[in-house]
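A.B. asks: sequence first, then the predicted structure:
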Amino acid sequence: MSAEAYWLLKSEPDVFSYADLERVGTEPWNGVRNYQARNFLRAMQVGDRCLFYHSSTGRVGVAGVGRVVRAAYPDDLQFDPLSPYFDSKSTPEQPRWSMVDVAAVSALPRFVALEELRAVPELAQLRLLQKGNRLSVMPVRPEEFELIVALGGLHPEAL
DNA sequence: GCCAACGTTGGC
DNA sequence: GCCAACGTTGGC
């Protein structure tokens, strides 16, 4: 068994916010259509923690913490011709795209804005902050995760 | 296999 | 709405 890993998931809060995740409890993380992001989804294991990041909004930053509760399985939207995420090259025998299930763990008592992340020297290597980054799913180092969660007013060991 | 055109992401 | 950065597509 490998050690628990940490991730960052981007979501547009107008579409699906951290409050929405708390409301539904668990959400299938479908619709990812980038191979690099898909490969990260496939690397996720049950129990991995995720920073829930709000993007494309007036207040961008980390809003909460989630947990992977089901490892990668075929994304159902790729088979739905009516979905914008339909992929004609996918078949149930050879699915191209995957999703995981993510559950809410805790909202951050203090929202941690992107601007704030940029100002922390210890987070200079954070993948989210690298130039040109556009991935909606990306890995986070354990020490980065702990630092960000602490900035948000939570004790990492309590998660 | 190259590369221009186009589409998307996402901060500002 | 603008624009930088990146991914994908398709002609050759």
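C.D. replies: Okay, I see it.

A.B. asks: please report phi then psi for the residue of chain A found nearest DNA strand B.
C.D. replies: When you check chain A against DNA strand B by Cβ to the nearest atom of the strand, the closest residue turns out to be residue A:55, at 3.8 Å. For every residue, glycine as well, the C-beta is placed using N, CA and C. Dihedral pair for residue A:55: phi -120, psi 170, per degrees, to the nearest 10.

A.B. asks: same deal with residue A:6?
C.D. replies: Backbone dihedrals for residue A:6, given as degrees, to the nearest 10, come out at phi -130, psi 150.

A.B. asks: residues from chain A in reach of DNA strand C?
C.D. replies: A:34, A:35, A:36, A:131, A:132, A:134 (Cβ under 7 Å from any atom of the strand).

A.B. asks: and the first one, what is it in contact with?
C.D. replies: By Cβ atoms under 8 Å, 6 or more residues apart in numbering, the residues touching residue A:34 are A:135, A:136.

A.B. asks: what's the spacing between it and residue A:76?
C.D. replies: With the distance defined as Cβ to Cβ, to the nearest Å, residue A:34 ends up 18 Å from residue A:76.

A.B. asks: quick check: nearest residue in space to residue A:40, chain neighbours excluded?
C.D. replies: The spatial neighbour of residue A:40 that comes closest, neighbours along the chain excluded (Cβ to Cβ, 6 or more residues apart in numbering), is residue A:137 at 4.6 Å.

A.B. asks: and what of residue A:138?
C.D. replies: By the measure of Cβ to Cβ, 6+ apart, the closest residue to residue A:138 outside its immediate chain neighbours is residue A:127, 4.6 Å from it.

A.B. asks: so what's that neighbour up against?
C.D. replies: Residue A:127 touches A:8, A:133, A:135, A:138, A:139, A:140, counting by Cβ under 8 Å, 6+ apart.

A.B. asks: with just CA atoms, put stretch A:74-92 into PDB.
C.D. replies: Once non-C-alpha atoms are left out, stretch A:74-92 reads as follows in PDB (Å, rounded to 0.1, in the frame of the first residue of the first chain):
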ATOM      1  CA  PRO A  74     -15.600   4.900 -16.100                       C
ATOM      2  CA  ASP A  75     -17.100   8.400 -16.400                       C
ATOM      3  CA  ASP A  76     -20.700   7.800 -17.400                       C
ATOM      4  CA  LEU A  77     -21.000  11.100 -19.400                       C
ATOM      5  CA  GLN A  78     -18.600   9.800 -22.100                       C
ATOM      6  CA  PHE A  79     -21.400   7.400 -23.200                       C
ATOM      7  CA  ASP A  80     -24.200   9.900 -23.200                       C
ATOM      8  CA  PRO A  81     -24.700  11.400 -26.700                       C
ATOM      9  CA  LEU A  82     -26.700  14.300 -25.100                       C
ATOM     10  CA  SER A  83     -23.900  15.300 -22.800                       C
ATOM     11  CA  PRO A  84     -21.300  17.900 -23.800                       C
ATOM     12  CA  TYR A  85     -18.800  15.400 -22.300                       C
ATOM     13  CA  PHE A  86     -19.800  12.700 -24.800                       C
ATOM     14  CA  ASP A  87     -16.900  10.900 -26.500                       C
ATOM     15  CA  SER A  88     -17.800   8.900 -29.600                       C
ATOM     16  CA  LYS A  89     -14.500   7.100 -29.400                       C
ATOM     17  CA  SER A  90     -15.300   5.700 -26.000                       C
ATOM     18  CA  THR A  91     -16.900   2.300 -25.600                       C
ATOM     19  CA  PRO A  92     -17.900   0.500 -22.400                       C
END
